[in-house]
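Enquirer: Quick one: sequence plus predicted model below, questions after.
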Amino acid sequence: MRAITILGATGSIGASTLDLIRRNRAEWRVVALTAHSQASELVRLAREFRPEIAVIADESRLAELREGLAGTGIEAAGGGQALCEAAGRASDLTVSAIVGAAGLAPTMTAIEQGGVVALANKEALVSAGDVMTAAVARFGATLLPTDSEHNAIFQCLQAGRIEDVRSITLTASGGPFREWTWDQLRTATPAQALKHPNWNMGAKITIDSATMMNKGLEYIEAHRLFPVGLEKIRILVHPQSVIHSMVEYRDGSTLAQLGPSDMRVPIASCLAWPARMDTPCAPLDLVGLGTLSFFAPDEERFPATRLAREAAQAGGAAPAVLSAANEVAVAAFLAGQIAFTDISALVAQTLDSDLPPAPQCLDDVLAVDAVARVRAAEMLETTRVA
Ligand code: NDP
Ligand code: MG
């Protein structure tokens with residue numbers, strides 16, 4: 001039996017992970033499950049998967065969690081410190097699936113245990129950058145990329161040496177607004193942006209897919225995960241989301257990973273790594289698909305990938321500022337406070353202000369994140385449409 005912790009168990013990645021665990025119940029012992037505020041859902045999952053501990057980050061919901069788990073023998077805890085304490089418990093695999101910078105501290109705690117971390121929480125890696133990769137090296141931890149593109153690249157890299165890589169191509173669906181004009185984009189509503197053509201995901205990443213900031217974050221994530229120069233990382237729009245990414249080697253061979261648009265495939269690759277496991281995912285029907293198409297990204301209509309590239313080139317605090325400002329902007333868009341096109345504008349404005357010094361430790365990263373959120377909130381006051 002292998003021990004597993006799922007940070008962000010009540011989310012979309014959490015649900016996909018638990019679906020795979022449920023199908024292979026005898027192989028797994030669940031150490032910890034965590035959520036932010038969905039106490040009743042966490043109770044339901046804890047009663048089914050019997051973890052040692054269930055943690056709710058929002059302490060105001062702890063009483064509800066405690067009540068729901070009374071008599072089960074499962075510990076119930078609340079707050080940020082409890083989250084990190086749970087993330088630090090011995091386990092064979094930690095799935096890092098909290099959304100945004102909120103996942104940073106518990107993910108770092110899991111890394112400091114020197115175990116295997118399946119990383120979906122790309123914002124944590126984008127913000128922490130070298131601080132996280134240095135901790136991975138220092139504590140002898142292993143990061144398994146769970147994001148479908150990075151999982152694809154990770155798989156393609158098994159066939160060659162990193163120094164022989166000529167380029168890495170991240171594919172992007174282009175999101176629901178791929179063919180919209182700028183004037184249409186200005187009036188895009190949250191309901192329209194939340195309808196992703198291929199993937200069923202949490203709200204924040206779905207909006208990031210619509211703005212293409214998701215691909216911008218993934219560009220930085222790829223640079224952090226795979227030691228190749230930024231100039232070797234490319235973005236290609238591929239609306240069918242069948243090819244999840246590609247690696248081109250110097251001899252002219254390009255390797256790609258293909259699969260259905262179902263996160264259970266890359267998650268299964270992390271759960272079983274370095275072996276393979278069965279999933280219930282339908283095999284690809286390439287004849288049914290008939291055609292795969294590819295387009296260059298349009299940075300006029302979708303400036304987010306340019307902003308991310310510039311932040312990656314600037315380095316230091318810039319990626320953390322980009323990601324924090326984006327979190328503020330996405331929340332404001334979802335709350336109806338700003339227009340869709342203001343999301344990238346707000347990120348650009350926040351990046352234009354003086355950047356804090358490069359973070360050297362987790363506390364520095366959290367401080368940069370906090371400063372960037374304040375700045376973005378100030379900018380929001382001048383951008384607010386409603
Ligand atoms: P969801 O919004 O569906 O789930 C987020 C999870 O994090 C929930 O369990 C939520 O708890 C918890 N959470 C939210 N805020 C906090 C907080 N402040 N403190 C502690 N826990 C918190 O997100 P997704 O599952 O879609 O995405 C998770 C991560 O994986 C993101 O970084 C995303 O970019 C990445 N990812 C997701 C993919 C997908 O297909 N969904 C694909 C590739 C990457 P609660 O439910 O109580 O709010
Ligand atoms: Mg992805």
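Expert: The structure has been received and is ready for your questions. Ligands and ions are numbered 1, 2, ... in the order given.

Enquirer: how deep is Pro260 tucked in, by neighbour count?
Expert: Pro260 sits with 17 neighbouring residues when counted by other CB atoms under 10 Å. Where you see a C-beta, it was placed from the backbone N, CA and C, and this is true even at glycine.

Enquirer: nearest residue to it other than its sequence neighbours?
Expert: Cys281 (5.1 Å; CB to CB, 6 or more residues apart in numbering).

Enquirer: Equivalent analysis for Ala193, please.
Expert: Leaving aside its sequence neighbours, Ala193 sits nearest to Ala210 (CB to CB, 6+ apart; 4.2 Å).

Enquirer: ok, and the closest non-adjacent residue to the residue of the chain found nearest ligand 1?
Expert: Scanning the chain for the residue nearest ligand 1 gives Gly11, at 1.9 Å (criterion: CB to the nearest ligand atom). Spatially, and ignoring its direct neighbours in sequence, Gly11 is nearest to Gly202 (5.3 Å; CB to CB, 6+ apart).

Enquirer: For the one you found, give me its contacts.
Expert: Gly202 sits next to 11-13, 99 when contact means CB atoms under 8 Å, 6 or more residues apart in numbering.

Enquirer: And Asp208, by the same measure?
Expert: Contacts of Asp208 by CB under 8 Å, 6+ apart are 214, 217, 304, 326, 330.

Enquirer: The third one: how many residues sit nearby?
Expert: Ala304: 25 surrounding residues under other CB under 10 Å.

Enquirer: Now it: phi and psi?
Expert: Per-residue torsions, Ala304: phi -60, psi -40 (degrees, to the nearest 10).

Enquirer: ok, and the most crowded of the contacts of Asp208?
Expert: Going by other CB under 10 Å, Asn326 tops the contacts of Asp208 with 31 neighbours.

Enquirer: follow-up on the earlier one: wait, the residue of the chain closest to ligand 1 touches Val99, no?
Expert: Yes: judged on CB atoms under 8 Å, Gly11 makes contact with Val99 at a distance of 6.6 Å.

Enquirer: Any regions of the chain where pLDDT drops low?
Expert: Within the chain, the stretches with pLDDT under 70 are 384-386.

Enquirer: hmm, back to that, checking my notes, the residue nearest to Pro260 in a helix, right?
Expert: No: Cys281 is assigned coil when assessed by DSSP: H, G, I helix; E, B strand; the rest coil, not a helix.

Enquirer: What residues does the chain have near ligand 1?
Expert: With CB under 6 Å from any ligand atom as the criterion, the chain meets ligand 1 at residues 8-14, 35-38, 57, 97-99, 102, 120-123, 147, 199, 201-205, 263.

Enquirer: Which ones among the residues you listed lie within helices?
Expert: Mapping the residues of the chain next to ligand 1 onto helices (DSSP state H) picks out 12-14, 122-123, 203-205.

Enquirer: one step back: please report how far the residue nearest to Gly11 lies from Asp363.
Expert: Distance, Gly202 to Asp363, using CB to CB, to the nearest Å: 27 Å.

Enquirer: ditto for Arg23
Expert: Distance from Arg23 to Asp363, counting by CB to CB: 40 Å.

Enquirer: These two: which has the busier surroundings?
Expert: Applying other CB under 10 Å to Arg23 and Asp363 shows that Arg23 carries more neighbours, namely 14 against 11.

Enquirer: Any idea how many residues pack against the closest residue to the more buried one other than its chain neighbours?
Expert: Nearest residue to Arg23, sequence neighbours excluded (CB to CB, 6+ apart): Pro280, at 7.0 Å. Residues lying near Pro280 (other CB under 10 Å) number 10.

Enquirer: on that earlier part again, the residue nearest to Ala193 reaches Pro197, doesn't it?
Expert: No: with contact defined as CB under 8 Å, Ala210 does not reach Pro197; the gap is 10.1 Å.

Enquirer: the strands in this structure, which residues?
Expert: 2-7, 28-35, 53-56, 75-78, 93-96, 116-119, 142-145, 165-172, 233-237, 243-249, 254-258 (DSSP state E).

Enquirer: I'd like those strands as TSV, with mean neighbour count appended.
Expert: Formatted as TSV, these follow (neighbours: other CB atoms under 10 Å):
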stretch	mean neighbour count
strand 2-7	24
strand 28-35	24
strand 53-56	28
strand 75-78	20
strand 93-96	27
strand 116-119	26
strand 142-145	21
strand 165-172	22
strand 233-237	19
strand 243-249	22
strand 254-258	16
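
Enquirer: helices or strands next to the top helix by length along the chain in the packing?
Expert: For the chain, the helix that runs over the most residues, judged by DSSP H, is helix 362-383. Packing partners of helix 362-383 (3 or more CB pairs under 8 Å, 6 or more residues apart in numbering; DSSP states H and E): helix 104-112, helix 122-128, helix 130-139, helix 318-334, helix 340-352.

Enquirer: same thing but 7 Å
Expert: With contacts defined as 3 or more CB pairs under 7 Å, 6 or more residues apart in numbering; DSSP states H and E, helix 362-383 has these neighbours: helix 104-112, helix 122-128, helix 318-334, helix 340-352.

Enquirer: so which of those helices comes closest to ligand 2?
Expert: Proximity to ligand 2 (CB to the ion) singles out helix 122-128 among the helices and strands packed on helix 362-383, at 7.5 Å.

Enquirer: hmm, the closest one in reach of ligand 2?
Expert: No: using CB under 5 Å from the ion, helix 122-128 stays clear of ligand 2, with a minimum separation of 7.5 Å.
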